[in-house]
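[1] quick one, what's the 3D model for this:
(one chain, ligands or ions: 1)
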Amino acid sequence: MRYRDAIAVLLVALCLPIRTSSVTAQSLPSPEVVADQMIRRALMDRKGYAWLKELCDMGPRLSGSPQSYRAIEWARAKMKALGFDRVWLQPVMVPRWVRGEVEEAIVHLPGTSRAVPLRVLALGGSVGTSTEGMQASVLRVSSFAELKTHREEAQGKFVFFDFPMDAGKVPTFAGYGEAVRYRVYGAIEAAKVGAVGVLIRSITTRYDDVPHTGVLFYADTLKKIPAVALGWQSADRLAELLRRHPQLELRLQLSSRTLPDTLSYNVIGEIRGREKPEEIIVVAGHFDSWDVGDGAHDDAAGCIQALEAAELFLRLQLQPRRTIRVVFFINEENGMRGARAYARRAAQKEEYHYAAIESDRGAFTPRGFSVTADSVLIARMQAWIPILKKAGIDWIRKGGSGADVSRIPNCPLKFGLVPDSQRYFDVHHSANDVFEAVHPRELELGSAAIAVLTLLLSETDLHLPNPVSTH
Ligand SMILES: [Zn+2]
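    Residues are numbered from 1 along each chain as shown. Alright, predicted model coming up:
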């Protein structure tokens, strides 16, 4: 009987619609059957993990950096080699910020010759100091409100925003959301009260001394002042030194600077749909990263998962009913220019995006999909949970999608893959975010989860509202 079962399985396998150059109108086997194959192949072949290694070996991919161009060329060649029907680069002008060679913070204690070095990382977009550096005393506050009450004392000093990310919150993004305002707006609020520089406590869940960067904003009407993140232990050290020596001085030297905007690209690859080619399902990540570590979880892994989700159709020789388009957005971290350019072009061409899925929360064990969509559609999608559960997805809930896909016009279903979040902020935007921090099974299960959702979106009908004109 076993032998006969095996023959039956083989026959079913041979009957799958084989993807050839001529479009077949054949429908796929049931989603349950294809989902099982996708998950198994992802976990066993580990192709995505191998691609992640190739990508991470090129180094981090800050917009406009030499490594980012090498990675873009790699991605284009990879999509072509994998057999995507159409692969192209979409031009985007991006900001070009460079960290430079010098990054140094040293505490000088009053009345002694003692100097205590601190581990710092300039925030993304920060201006540098003069080549000699700058020296000033430090005002430590725990909030913007506290800064306001001490505004007279801030004049001519560094402001140290000592706001630890709330470790008591189970979803770590909730703690991040509160703390990130000091990174993004700290330099503006400090400049308003006449401060000369900003220090923040790194936004992290790990108690090490590796500082975490990320974007900051300046206001055109205010002085642009240098801003750095302190490693968690360095922040503890500075807080303690300030308690004992409120008059201490900090010397900061940074050679970061902003160069003129430069031409870069979104990388796009497409598998043409067999029945509804004009209905596009985007699977995406952002291709740029910060300039420390490998940008492995953020967001090389998300891009690889998007790539592999689409490639699993090719691997299984299945042609999807709708068009699957992989988009690697450039410049999510410090400008969102890639997402804006993509959205603009989609509106101009009046493209209809049936759905879009982004992976940009780390490649940890997948848990669910958060979706921006009409409640009626979300209710209908609950019928998919038994199939998605095969890939570890327990829920589809209303919520945010991803920074890039959220901008796509004329798209009724926008998803974000939600993995377990406990370890993401250990590595996020830091030298800890390296290839070795990604677990192959967790990465591959995420690829499979996106592939299965893409399959369900492609092969079934949710009876969406008719495509609307974007004009
Ligand atoms: Zn990201």
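[2] identify all contacting residues around stretch 446-456.
    Under the criterion CB atoms under 8 Å, 6 or more residues apart in numbering, residues 28, 31, 34-35, 38-39, 42-43, 48, 281, 283, 301, 304-306, 308-310, 312-313, 320, 324, 357, 359, 363-364, 366, 369, 381, 384, 387-388, 390-393, 415, 417, 419 lie in contact with stretch 446-456. The way it works is simple: take the backbone N, C-alpha and C, and place the C-beta from them, glycine included.
[3] next step: those residues restricted to strands.
    The strands, defined by DSSP state E, take in Ile281, Val283, Ile324, Ile357, Pro366, Phe369, Phe415, Leu417, Pro419 from the contacts of stretch 446-456.
[4] out of these, flag the one nearest to Met58.
    For these, the residue nearest Met58 by CB to CB is Val283; the value is 21.8 Å.
[5] tell me who's in contact with that closest one.
    Counting by CB under 8 Å, 6+ apart, Val283 touches Ala306, Leu307, Ala309, Ala310, Ile324, Arg325, Val326, Val327, Ala356, Ile357, Ile450, Thr454.
[6] CSV for these, including distance to Phe173, neighbour count and pLDDT?
    Output for the contacts of Val283, formatted as CSV (distance: CB to CB, whole Å; neighbours: other CB atoms under 10 Å; pLDDT from 0 to 100):
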residue, distance to Phe173, neighbour count, pLDDT
Ala306, 20, 32, 99
Leu307, 24, 29, 99
Ala309, 22, 29, 98
Ala310, 26, 27, 98
Ile324, 28, 29, 98
Arg325, 27, 23, 98
Val326, 25, 26, 99
Val327, 23, 27, 98
Ala356, 20, 27, 98
Ile357, 18, 28, 98
Ile450, 19, 32, 99
Thr454, 24, 25, 98
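[7] and the two most separated of the residues you listed?
    By the measure CB to CB, Leu307 and Ala356 form the most distant pair in those, at 15.1 Å.
[8] where in this structure is pLDDT low?
    Where the chain drops to pLDDT under 70, the residues are 1-25, 465-471.
[9] could you chop it up by domain?
    18-95+260-459, 100-255 (automatic domain parsing).
[10] close to the ion, is the first one?
    Yes - contact of domain 18-95+260-459 with the ion is found when judged by CB under 5 Å from the ion, involving Asp298, Asp299, Asp360.
[11] quick check: bridge partners of the residue lying closest to Arg397 once chain neighbours are set aside?
    Excluding its sequence neighbours, the residue lying closest to Arg397 (CB to CB, 6 or more residues apart in numbering) is Ser370, at 5.8 Å. When bridges are called by DSSP bridges, Ser370 pairs up with Arg397, Gly416.
[12] my guess is Ser370 contacts Val405, does it?
    No - applying CB atoms under 8 Å as the test, Ser370 and Val405 come out as separate, 11.5 Å apart.
[13] neighbour count: those two, which is higher?
    Using other CB atoms under 10 Å as the criterion, Ser370 and Val405 rank with Val405 on top: 29 against 20.
[14] ok, that one to Glu358 distance?
    4 Å (CB to CB, to the nearest Å).
[15] show me which of the contacts of Val283 is closest to the ion.
    Set against the ion, the nearest of the contacts of Val283 by CB to the ion is Ala306 (12.7 Å).
[16] next, the contact list for that closest one, please.
    Val283, Ala284, Gly285, Val326, Val327, Phe328, Ile357, Glu358, Ser359, Ile450.
[17] grab the nearest non-local neighbour of the last one.
    This points to Ile450. Ala309 is the one closest to Ile450 (CB to CB, 6+ apart), at 3.8 Å.
[18] and that neighbour, what does it touch?
    Val283, Ile324, Ile357, Ser447, Ala448, Ile450, Ala451, Thr454.
[19] could I have stretch 215-222 exported to CSV, CA atoms only?
    Output in CSV follows, covering the C-alpha atoms of stretch 215-222 (Å, rounded to 0.1, in the frame of the first residue of the first chain):
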residue,chain,number,x,y,z
VAL,A,215,17.4,58.5,12.3
LEU,A,216,17.2,61.9,13.9
PHE,A,217,15.3,65.0,12.6
TYR,A,218,16.5,68.6,12.6
ALA,A,219,14.4,71.8,12.2
ASP,A,220,15.5,74.2,9.5
THR,A,221,14.9,77.1,11.8
LEU,A,222,17.1,75.8,14.7
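[20] quick check: buried residues in it?
    Buried residues in stretch 215-222, defined by neighbour count with 16 or more other CB atoms under 10 Å: Val215, Leu216, Tyr218.
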